[in-house]
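# following is a predicted model, sequence given first.
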Amino acid sequence: MPRDENHASERDARGAGRLRCEQLMSNFGAVIDASSTGVRLELSPGVEVEADEILPLRIDSDGVSLEREARVIWIDGTEVGLEFEPLDQSTRRLLWEMICEMRPESRDAA
């Protein structure tokens, strides 16, 4: 199976809805979108990861940091999909608040 088709099927297999959040940053690069189960990142120059690698992910937003281990699920050039280790309810809530705070439509309304 070609890599792109496999990559597409992995994306389709996600069980959680995703929200775009291009203004969040992580210690590995920019967060493109996120859900309660994981994130898609655009890796910073020079950052290299391997499939199935467990990363100590940190997402930062306006002085608030979320630190969580995440497994590399797929790699496509400089984009990677990471799956969080299971999140408890308070961590999911914090992630949701960080995403909503940084979404362009949230900032436009403020």
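In hand now; what should we look at? Numbers count the residues shown, from 1 in each chain.
# how about the strands in this protein?
Listed in chain order, the strands of the chain (DSSP state E) span 19-20, 25-26, 29-34, 38-43, 54-61, 64-76, 79-84.
# of all those strands, which lies closest to residue 100?
strand 19-20 (7.9 Å; CB to CB). Backbone N, C-alpha and C define where each C-beta goes, glycine included.
# mind listing what residue 55 touches?
Residue 55 makes contacts with 28, 49, 69, 70, 71, 72, 82, as judged by CB atoms under 8 Å, 6 or more residues apart in numbering.
# could you point out the longest helix of this structure?
helix 89-102 (DSSP state H).
# could you give the average pLDDT over stretch 77-87?
Average pLDDT, stretch 77-87: 93.
# and the contacts of it?
Contacts of stretch 77-87 (CB under 8 Å, 6+ apart): 10-11, 28-29, 32, 36-43, 49, 55, 57, 68-75, 95.
# one step back: other SSEs contacting the longest helix of the chain?
If you count contacts as 3 or more CB pairs under 8 Å, 6 or more residues apart in numbering; DSSP states H and E, helix 89-102 packs onto strand 54-61, strand 64-76.
# give me the beta-bridge partners of the spatially closest residue to residue 24 that is not a sequence neighbour?
Among residues not flanking residue 24 along the chain, residue 31 sits closest, at 3.9 Å (CB to CB, 6 or more residues apart in numbering). Applying DSSP bridges to residue 31 yields these beta-bridge partners: residue 41.
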